[in-house]
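**Q** Quick check, what structure comes out for this input:
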Amino acid sequence: MFATEQNCWFIRKVVCWRAAASIAWAVLLLPPITAVFVIFSRFSLLHPIQTISECLSLLMSASAIFSFILLCGVILMVGFLNLEYYTVIPTIACSKIALLGQLLHPRQFVSSLVHCIMGIIVAWCCAVTIGGRYETLCYPCTQSDGSPQMCLNEYHLILLLAGAFVGLSHSLLAVIYNLNYVSFHTVQQYKYLHFKGSLPLVIKCSTTQALYFIRNYIVVYFFLGYIPKAWICKTLSLHLNSSAHPLDSVAGLLDLSLLYHLWISASFLLFTWYITVLLFRIFITEGCSFPVQSSFTEDAHQCLPKVLTDKQPMILKFLALHDLALLSQHSPSRRYEVFSLSQPGGHPHNWNAISKECLSLLADLTQRLVAYHDTVATNGRAKSLSTGSERKTSSESSGTDEPNSPRPTLLMRTPASVFARSIVGGPQSPLTAPFTPDIDSPFASPALRRLTAPVQQCSPWYGTVQSPHIMRRAPKLWSTSTDSQVGGSWPPSPTSVSSPKQESSKPSLLTQFLQNRKEQVKHFLAKRVLIMYLFNKLPEASSQALFADSQAHIWALEGLSYLVQASFSEDQFGVVQTTLPSILSCMLVLQEAVDRHFKLPHASSKPVRSTSSMEDSSYKTLRFALRATLKTAIYRITTTFGDHLKAVQMSAEHRKRLQQFLEYKE
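**A** Numbers count the residues shown, from 1 in each chain. The predicted structure is shown next:
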């Protein structure tokens, strides 16, 4: 993170300090949490007063202070990992093999190793705190002939291995359930109230998951427990006490006291880690107010229009869009700054920058939806498109394209790894890299990969597309072979199709031979059930990945619609009216693409949110929130302007669609 975002002022001045504050609060909460653990681990119903006095003396001992220092170091490490791996756009695996690739990633291996080490440290602190038979790894014993020797304390070993197992399980579940995903709540709460309301969930999640982890650990230790015992004994020259029951047996693992201490130690470990994660989420998603304009040149990069348009860390872009949504609803004075004109010159720079960025986000989502729908409609096969159906004449484009509409380049990418930082890429990269249908699969055809190529300027997808069905309405002038389109460019005339140059550029025999062998391998693998199980795309996950960054689009829709609504009475210079046709056209095109997406069978099923886990599953329902926000935004504009919108220049199709909103028929 620090290597790529070191020069960002927001990371240095805001994010790092918020992360440090969350870690400090986690460390401050560690003494009472440890005291509660000591009481639960040593409590006796027969001797309650003696237990309390023993707990107080233990908390004041040197071993307890040393254990507390180690636990503070673990909390610092967990907080650093939260800062390193957090993301505001979840990474959704669209196939089993993609999820397996995330789990086997080298950085995930390092993360799992670090979590195992931290789990062993916490388990050692728990063993020292509990005391008794768990306190040391070895103890003196006597052989059968009476000679003294050092024997392995298996109770201490099983507790240490339980900490490593819980740490590994937590690390893997963090990837599977996107525990590094940080979402923004619709209603901002005070940090104390947010923490207080989430505390019961953390307790329930920690105790429940600890129960499942210990169950799995007991099964693993029953079958494989002899391996670490033999290795430890050989390494440290220890012996096994033949008179003691081995714990990797049914009789040894049915010890209720042992099971209780394993469960309470795992609960303590998960609770301290989840508290750190919860505090980090609360602090990092706290709202941030950006000035609309500044009187000083050195502070211009911190203003809202500049923050929105610059390629900054994704957390900054999300907080800026969130501030825009709040500004447009609740701050008339800041809205006045958005509608104001620059002096000298009299240009609406603030409004132009804000509206252009919001429209660019919405147009990008529209193009991703159109490309995804066309791929799904052809069952993973690229359509053979004609030149006439791909091109629009200059008269058609001049009648439908808006002058101020954004023109982003269509890019579709596979989701970045869970370990990649949330940074906006190049100037042409979208907010997120959504699921690419079957692009990375070994069964994908070469023609399908043409859907991911950058769009040429001659294509109707370059710029604002009024409808995803343009290609079906255009006249078909002449046919074009699929092979001539692989390069991404279209033949300039029908005569060039049969030219001798193109016939001489046919693939060689060796290329055709390799291509045929490649297809044979694909067909052979496609008949294997396990291969298809791993590589088949998950439709529900594909739809979720398509809308993974839709929280930004929701705020962009809210900000634009509320600003347009307020401009009816507050815009003294009419700066909003110049871009009103582009705003309406962009929203209507997006609404058509979203409606088309929800006609797919897997898109309309709403997943059930988990209520007993630290997993933030709000990203699974973002597409439903986007659909509701989009319809509400259009109604907000039509209700405010009413019949005045009939004077806005737009295509006949959009005017007909807008009339449905004016008549409340949508």
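
**Q** in the chain, which spans are strands?
**A** 138-142, 148-152 (DSSP state E).

**Q** Dump those to TSV, plus mean neighbour count.
**A** In this view, the C-beta of every residue, glycine as well, is placed from N, C-alpha and C. As requested, these are exported to TSV (neighbours: other Cβ atoms under 10 Å):
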stretch	mean neighbour count
strand 138-142	14
strand 148-152	15
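
**Q** Let's have the ones you listed in TSV, adding distance to Val38 and mean pLDDT.
**A** Formatted as TSV, these follow (distance: least, Cβ to Cβ, whole Å; pLDDT from 0 to 100):
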stretch	distance to Val38	mean pLDDT
strand 138-142	23	86
strand 148-152	26	88
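
**Q** Indicate which one of those strands is closest to Thr629.
**A** Thr629 lies closest to strand 148-152 among those, at 61.5 Å (Cβ to Cβ).

**Q** The closest one: how far from the chain's middle?
**A** Between the centre of strand 148-152 and the centre of its chain there are 52 Å (Cα atoms, centre = their mean, to the nearest Å).

**Q** quick one: that strand to strand 138-142, angle?
**A** 140 degrees (axes from the mean of the first three to the mean of the last three Cα atoms, to 10 degrees).

**Q** Touching strand 148-152 from outside, list them.
**A** Outside strand 148-152, the residues that touch it by Cβ atoms under 8 Å, 6 or more residues apart in numbering are 137-143, 229, 232-233, 236-241, 244.

**Q** Equivalent analysis for stretch 18-38, please.
**A** Stretch 18-38 is contacted from outside by 55, 58-59, 68, 71-72, 75-76, 78-79, 82-83, 126, 129, 264, 268, 271-272, 275-276, 279-280, 282-284, 286, using Cβ under 8 Å, 6+ apart.

**Q** Please check these and keep the buried ones.
**A** 55, 58-59, 68, 71, 75-76, 78-79, 82-83, 126, 129, 264, 268, 271-272, 275-276, 279-280, 282-284, 286 (16 or more other Cβ atoms under 10 Å).

**Q** what residue of the protein is the furthest out?
**A** Asp145 (63.3 Å; Cα atoms, centre = their mean).

**Q** quick one: contacts for it?
**A** So Asp145 contacts nothing (Cβ under 8 Å, 6+ apart).

**Q** next one: phi and psi at it?
**A** In terms of degrees, to the nearest 10, the main-chain angles of Asp145 are phi -90, psi 0.

**Q** any idea of the pLDDT on it?
**A** Predicted confidence (pLDDT) for Asp145: 70.

**Q** swap in Leu324?
**A** Taking Leu324 on its own, its pLDDT is 95.

**Q** and if you look at Ser550?
**A** In this model, Ser550 is scored at 95, pLDDT.

**Q** and if you look at Glu503?
**A** 46.

**Q** Please name the residues that touch the closest residue to Arg627 other than its chain neighbours.
**A** For Arg627, ignoring the flanking residues on the chain, the nearest one in space by Cβ to Cβ, 6 or more residues apart in numbering is Val594 at 5.3 Å. Counting by Cβ under 8 Å, 6+ apart, Val594 makes contact with 369, 623, 626-627, 630.

**Q** Put together CSV for those, with distance to Leu253 on each row.
**A** Putting the contacts of Val594 into CSV (distance: Cβ to Cβ, whole Å) gives the following:
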residue, distance to Leu253
Leu369, 54
Arg623, 46
Leu626, 50
Arg627, 52
Leu630, 56
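
**Q** Most neighbours among those, please name it.
**A** Greatest neighbour count in these, by other Cβ atoms under 10 Å, goes to Leu630: 23 neighbours.

**Q** what's the neighbour count on Trp17?
**A** If you count neighbours by other Cβ under 10 Å, Trp17 ends up with 12.

**Q** what sits against it?
**A** Contact analysis of Trp17 by Cβ under 8 Å, 6+ apart lists nothing.

**Q** at 10 Å instead, please
**A** By Cβ atoms under 10 Å, 6 or more residues apart in numbering, the contact list for Trp17 reads 11, 283.

**Q** mind listing the helices for the stretch 251-400 of the chain?
**A** Using DSSP state H, counting those that start in this stretch, the helices found in the stretch 251-400 of the chain span residues 256-284, 304-309, 314-330, 332-339, 349-377, 387-390, 394-400.

**Q** just for the stretch 301-450 of the chain, where's the confidence low?
**A** Scanning the stretch 301-450 of the chain for pLDDT under 70 picks out 379-450.

**Q** Next one: Glu54 relative to Leu256, how far apart?
**A** Between Glu54 and Leu256 the distance is 21 Å, computed by Cβ to Cβ, to the nearest Å.

**Q** Neighbour count for those two, which is higher?
**A** The neighbour comparison of Glu54 against Leu256 (other Cβ under 10 Å) goes to Glu54, with 16 against 7.

**Q** And the pLDDT for the most centrally placed residue in the chain?
**A** By Cα atoms, centre = their mean, the chain has its centre lying nearest to Pro90, at 0.9 Å. Looking at Pro90, its pLDDT is 93.

**Q** and it, what is it in contact with?
**A** Contacts of Pro90 by Cβ under 10 Å, 6+ apart are 177-178, 180-183, 415, 418, 432, 544-545, 548-549, 616-620, 622.

**Q** Lys522: which of the helices of the stretch 251-400 of the chain is closest?
**A** Set against Lys522 and scored by Cβ to Cβ, the helices of the stretch 251-400 of the chain come closest in helix 349-377, at 18.1 Å.

**Q** Around His170, count how many other residues there are.
**A** By other Cβ under 10 Å, the residues close to His170 number 23.

**Q** Contact partners for the closest residue in space to it that isn't next to it in sequence?
**A** Nearest non-adjacent residue to His170, counting by Cβ to Cβ, 6+ apart: His115, 6.0 Å away. His115 makes contacts with 77-78, 81, 163-164, 166-172, 174, 273, as judged by Cβ under 10 Å, 6+ apart.

**Q** In ChimeraX, how would I select just the buried ones from those residues?
**A** To isolate the buried members of those in ChimeraX, using 16+ other Cβ under 10 Å:
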select :77,78,81,163,164,166,167,168,169,170,171,172,174,273
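
**Q** Among the contacts of His115, which lie within helices?
**A** Using DSSP state H, the subset of these located in helices is 77-78, 81, 163-164, 166-172, 174, 273.

**Q** Now flag whichever of these is closest to Pro291.
**A** Leu81 (33.4 Å).

**Q** how about the closest one, what does it touch?
**A** Leu81 makes contact with 111, 114-115, 118, 171, 174, 180, 273, 276-277, 280, according to Cβ under 10 Å, 6+ apart.

**Q** again, but for Asn216
**A** Asn216 makes contact with 165-166, 169, according to Cβ under 10 Å, 6+ apart.

**Q** State the number of residues packed around the nearest residue to Tyr139 once chain neighbours are set aside.
**A** With Cβ to Cβ, 6+ apart as the criterion, Tyr139 has its nearest non-adjacent residue at 5.4 Å, and that residue is Asn153. Using other Cβ under 10 Å, Asn153 has 21 other residues around it.
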